[in-house]
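Q: Take a look and give me a structure for this.
(one chain, ligands or ions: 2)
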Amino acid sequence: MSADCLFCKIVEGKIPAKRIFEDELSLCFADINPQAPTHLLIIPKVHIASTAQAEQEHAPLLGHMVAKAAELARGAGLDGGYRIVINTGVDGGQTVDHLHLHLLGGRHMTWPPG
Ligand code: 5GP
Ligand code: ZN
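A: Ligands and ions are numbered 1, 2, ... in the order given. Alright, predicted model coming up:
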């Protein structure tokens, strides 16, 4: 855990969130400022600042999170598709420095992203 990290505080229950799912490795909660009808965040319970800090040892955890996102997307009925996004660093538009996967769906997505 990182003392000053918002998402670590959500993991610990010190800051409330609309928790959708959790297991020993990961937590899923609703984004506070949704950009699509479905906008969930999936985070590792351990503090990893971003994919810039990801190592091979994190591969099972990251794979688990992607598989969970797919499960949650099926549960949310996103049968027409959806988008999984991981913003990384300043240029990537990351604003919370705890690695997180956005699951966005329920509307048509455009490309390229902004
Ligand atoms: P990033 O820009 O780092 O990829 O995404 C951070 C996301 O976290 C944003 O979509 C933002 O709306 C969401 N967020 C920021 N603070 C909170 C919070 O306190 N609670 C929840 N549920 N989401 C948050
Ligand atoms: Zn953290």
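
Q: what sits against Asn87?
A: Neighbouring residues of Asn87 by CB atoms under 8 Å, 6 or more residues apart in numbering: Gly93, Gln94, Thr95, His102. In this view, the C-beta of every residue, glycine as well, is placed from N, C-alpha and C.

Q: swap in Met1?
A: Residues near Met1 by CB under 8 Å, 6+ apart: Cys8, Val11, Glu12, Val46, His47.

Q: Start from the N-terminal end of the protein and give the strands.
A: Ranges of strands in the chain, per DSSP state E, are 19-22, 26-30, 38-44, 82-85, 101-105.

Q: So which bits of the last one are buried?
A: If I follow you right, that is strand 101-105. Leu101, His102, Leu103, Leu104, Gly105 (16 or more other CB atoms under 10 Å).

Q: Could you dump the residues you listed into JSON lines and include pLDDT?
A: Formatted as JSON lines, these follow (pLDDT from 0 to 100):
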{"residue": "Leu101", "pLDDT": "98"}
{"residue": "His102", "pLDDT": "98"}
{"residue": "Leu103", "pLDDT": "98"}
{"residue": "Leu104", "pLDDT": "98"}
{"residue": "Gly105", "pLDDT": "98"}
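
Q: Closest one to Ala36 out of those residues, please.
A: Of all these, Ala36 sits closest to Leu104, with 4.3 Å by CB to CB.

Q: The closest one against Leu41, yeah?
A: No: counting by CB atoms under 8 Å, Leu104 does not reach Leu41; the two are 10.2 Å apart.

Q: ok, back up a step: buried subset of the contacts of Asn87, written for PyMOL?
A: To isolate the buried ones among the contacts of Asn87 in PyMOL, judged by 16+ other CB under 10 Å, type:
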select buried, resi 94+102
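
Q: got the residues of the protein near ligand 2?
A: Contacts of the chain with ligand 2, taken as CB under 5 Å from the ion, map to Ser2, Cys5, Phe7, Cys8, His47, His98.

Q: same thing but at 8 Å, please
A: 1-2, 5-9, 11, 43, 47-49, 97-98 (CB under 8 Å from the ion).
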